[in-house]
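> kindly generate the corresponding structure for this input.
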Amino acid sequence: MLVKLRLNLLVVFTSLIAFFLASEGDVSWYAVLLLAAGGFLVTGAANTLNEVLERDFDKLMKRTENRPLAAGRMTVSEAILAAGFMSFIGISFLAFFNPLTAVLGMLSLICYAFIYTPLKRVTPLAVLVGAIPGALPTMIGCVAAQGELTALALVLFGIQFFWQFPHFWAIAWVGHEDYTKAGYYLLPSRSGERNSETGKHAFTYAFVLIPIGVLPWYLGVSGIVSMMLMVLLSVIYAFFAWQLYKKCTKEAALKLMFSSFFYLPLALLFLLIDKL
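Sure, this is the predicted structure:
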């Protein structure tokens, strides 16, 4: 619970898929394990620091009240020590690939723990800030394989970046009462309440994924089949966001949320399978 295991595994998964997509020739399984371990530890450190900073607010929400710090099963000093070890070892693992991979890993940790986390109680723009470290895993995977920022790294970053907005706003809509208790106002509407403005914003970001889904094919990374499947996925995702805009119901938000769970892993798997 300290490292937010399910979220952490998704981060590692997206980074590894990007690594495979960016690799040429045979892939070293030693490198795969090193990237997975490094990514897991850095993400775990960021999540741990997030829980340290939000421990008093986590107590106020049902979904987070049983976290180790909020429930009192772990002290702040123990958590900070764990985060320190995880970040040091994780960044060291990423540095085995190249310096830029380690720098991006550190940037992700700092941005998530020390910029996004405190901003959540100040402005809904925190979602925009949080989307940057949230999208860096794919870029880290590409840079680990290629040693530099490439067009593929930027495209994969863009896919994960724009995917996050409908995903996060759907979660924020469903858990609005809980978030409000803790003083988080994460929805994009000016009032901070649930209304059609959230659906409109979610649809806009989901719609942007349609042309972005064409770019891997344009770059020659994947074929026409995966391009068509990615466009179809994006259209479906945008449809559920549009439904939230039109209906403004919790049921519509749940459908958008569950569609977001499928979108990212399926999109990346389509690209990888097509390449293989």
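
> which stretches of the protein form helices?
Here the chain has its helices, by DSSP state H, at 5-22, 29-53, 55-58, 76-95, 99-110, 117-119, 126-146, 151-174, 176-181, 196-212, 215-218, 224-247, 250-275.

> would CSV of the ones you listed with mean neighbour count, mean pLDDT and distance to Asn66 be doable?
No exception for glycine: its C-beta is placed from N, CA and C like everyone else's. Shown next, in CSV, are the helices of the chain (neighbours: other CB atoms under 10 Å; pLDDT from 0 to 100; distance: least, CB to CB, whole Å):
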stretch, mean neighbour count, mean pLDDT, distance to Asn66
helix 5-22, 20, 94, 14
helix 29-53, 21, 96, 12
helix 55-58, 16, 91, 9
helix 76-95, 17, 97, 15
helix 99-110, 20, 96, 24
helix 117-119, 16, 91, 19
helix 126-146, 24, 95, 23
helix 151-174, 22, 95, 18
helix 176-181, 16, 85, 13
helix 196-212, 20, 94, 28
helix 215-218, 19, 92, 40
helix 224-247, 19, 95, 29
helix 250-275, 18, 94, 21
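
> which of those sits closest to Leu69?
Distance to Leu69, taken as CB to CB, is lowest for helix 55-58 among the helices of the chain, at 4.1 Å.

> got a list of contacts for the closest one?
The contact list for helix 55-58 (CB atoms under 8 Å, 6 or more residues apart in numbering) reads 51, 64-65, 67, 69-70, 76, 121, 182-184.

> tell me which of those residues fall in strands.
Using DSSP state E, the subset of the contacts of helix 55-58 located in strands is empty.

> mind giving me the PyMOL select for the residues you listed, buried ones only?
Here is the PyMOL selection string for the buried members of those, based on 16 or more other CB atoms under 10 Å:
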select buried, resi 51+64+67+69+70+182+184
